[in-house]
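> Here's a sequence, model it:
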Amino acid sequence: MTLMRVLPFTKFLLEQAVAEGDKVIDATAGNGHDTLFLAQLAGDAGKVYAFDIQEDAIRATKERVKDYGNVDVILDSHANIDQHVSEEIAAAVFNLGYLPKGDHSIITKSATTLAAITQCLELLKETGLVAIVIYSGHEGGSEERDAVMDFVSQLPQTKFDVMKYQFINQQHSPPFLVAIEKKIQK
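Numbering: from 1, shown residues only. The predicted model follows:
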């Protein structure tokens with residue numbers, strides 16, 4: 001057996017949560033890799049809402065998903081999800097930090113990230129998943145990491161299961177996953 005790295009494990013969890021026809025959110029579109037993956041999982045009957053604040057990311061994502069008609073690529077902050085999405089979602093994915101090969105001074109920030117996570121949790125269907133991959137080894141990353149961890153640690157266990165998946169013997173702030181599943185309410 002081989003332990004899954006953080007990104008493959010994130011995709012594994014998303015595969016369990018997203019079915020054909022589902023609505024999903026890529027809160028940090030970046031270069032469009034997760035957007036494409038979600039588009040494939042949701043299928044033609046589904047819908048992907050992909051957010052980013054950088055035009056380079058929007059261009060890259062649109063190019064990557066150009067063959068998929070089920071994706072809305074939105075140039076806006078993930079803090080404004082509620083202005084674009086009102087339907088129930090099966091999943092949302094976040095990759096916090098900066099755009100790979102982009103301007104490293106443009107980073108996700110705790111205030112907008114916490115607003116976005118809150119909005120996704122409100123839209124999330126029962127047994128739905130919010131997957132947050134946290135990269136903290138950059139300027140400002142540890143503050144966002146700490147804010148997110150504080151927030152998710154306080155989510156009520158009667159409504160959500162929250163898991164942290166990380167390798168603990170690696171140096172240089174390796175990314176880790178926080179997965180939030182909405183429980184079935186009885």
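> average pLDDT across the helix or strand where Val24 lies?
Assessed by DSSP states H and E, Val24 sits inside strand 23-26. For strand 23-26, mean pLDDT is 98.
> by contact count, what packs against it?
helix 33-42, strand 47-52, strand 89-96 (3 or more Cβ pairs under 8 Å, 6 or more residues apart in numbering; DSSP states H and E). For every residue, glycine as well, the C-beta is placed using N, CA and C.
> Give me the number of neighbouring residues for Trp99.
For the record, residue 99 is Leu, not Trp. Using other Cβ atoms under 10 Å, Leu99 is surrounded by 21 other residues.
> got the contact list for Ala17?
For Ala17, the contacting residues are 90-91, 127-129, 181, by Cβ atoms under 8 Å, 6 or more residues apart in numbering.
> Find the residue closest to it in space, skipping its chain neighbours.
The shortest distance from Ala17 to any non-neighbouring residue, by Cβ to Cβ, 6 or more residues apart in numbering, is to Leu129 (3.8 Å).
> before we move on, what about Ser110?
Ala147 (3.6 Å).
> Number of residues surrounding Tyr68?
17.
> swap that for Gly140, please
Neighbour tally, Gly140, other Cβ under 10 Å: 15.
> pLDDT value on it, please?
92.
> Might one say that it is in contact with His104?
No - at 10.2 Å, Gly140 and His104 do not qualify as touching, with contact defined as Cβ atoms under 8 Å.
> For stretch 37-49, buried residues please.
37-39, 41-42, 46-49 (16 or more other Cβ atoms under 10 Å).
> so how far is it from its chain's centroid?
In this view, stretch 37-49 has its centroid 14 Å away from the chain centroid, taken as Cα atoms, centre = their mean, to the nearest Å.
> model confidence over that stretch, on average?
The average of the pLDDT scores along stretch 37-49 is 98.
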